[in-house]
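> Mind looking at a prediction? Sequence and model below.
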Amino acid sequence: MQLHMPNYPKLIEKIEEHLKTHLTKHRCEHVLSVRDQSVKLAKIHNINSDKAELAALLHDSLKEVPNNKLLQYAKEHGLLIDKYEEKNISLLHGKLAPFFAKNQFGIDDEIVNNAMRNHTTGAPVMGPVDKVLFVSDFCEPLRLYNEADSVRALAQNDLEEAAFEVIKYKIQKNLSKNRIIHPDSFNAYNAMSQNRT
Ligand SMILES: [Fe+2]
Ligand SMILES: [Fe+2]
């Protein structure tokens, strides 16, 4: 499934150019790798690969923006910040990505937006494109941790199970480091757990 936009290749080119000139080399390589992984998974599982591609290319656009600028950007766009995000401002890079996508590239698609919003914490309700990005961000081939390989292999056959593995890993990692865990992650875990057969 793909978007029918005559200028789609041009748009992708424009975004790639922006990434190459605004992100560090390391981040840019990660984002392009997430894109490749997302498109691959979307095609395997018959999910809209253009939306998955756009969400992947833009998900970390604001990842390198300093906390004070993220807060300012949130304020300018009237984004309410919860008490967990207050303690971990960097979480806002996903929630703010849709504003960036619209302002910079005129992209305003709720499926793309939700995937970007939910890519770090997960969410109680996650659609197919959300899961593609959530999993691909975790398992793209440049990720060095061992779990990336097993999740990548699993995701080819079962995207739901792969997403379940990712949310478990993320919660466990936060627990082991005594970090605050956003309730969206617990809610994502519970929803995925309940949906398993
Ligand atoms: Fe991110
Ligand atoms: Fe990322």
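Looks like it came in fine. Ligands and ions are numbered 1, 2, ... in the order given.
> mind checking how far the helix ranked longest in the chain is from the chain centre?
Assignment by DSSP state H gives helix 25-44 as the longest helix of the chain. Mean-position distance between helix 25-44 and its chain equals 11 Å (CA atoms, centre = their mean, to the nearest Å).
> Briefly note if that helix comes near ligand 2.
No. Counting by CB under 5 Å from the ion, no contacts exist between helix 25-44 and ligand 2, the nearest distance being 5.7 Å. Backbone N, C-alpha and C define where each C-beta goes, glycine included.
> List the contacts of the residue most central in space within the chain.
With distances taken as CA atoms, centre = their mean, residue 119 lies nearest the centre of the chain, 3.1 Å away. By CB atoms under 8 Å, 6 or more residues apart in numbering, residue 119 lies in contact with 55, 59, 94, 130, 133-134, 137.
> can you check residue 109 too?
51, 54.
> List phi and psi for it.
When quoted as degrees, to the nearest 10, the phi and psi of residue 109 stand at phi -130, psi 120.
> Now name the helix or strand holding the nearest residue to residue 98 once chain neighbours are set aside.
Closest residue in space to residue 98, ignoring its immediate chain neighbours: residue 113 at 3.8 Å, by CB to CB, 6 or more residues apart in numbering. Assigned by DSSP states H and E, residue 113 belongs to helix 110-118.
> What's the local residue count around residue 88?
Residues within reach of residue 88, counting by other CB atoms under 10 Å, total 16.
> now the closest residue in space to it that isn't next to it in sequence: how far from residue 121?
Take residue 88 and drop its neighbours on the chain: the residue closest to it by CB to CB, 6+ apart is residue 180, 6.3 Å away. According to CB to CB, to the nearest Å, residue 180 and residue 121 sit 11 Å apart.
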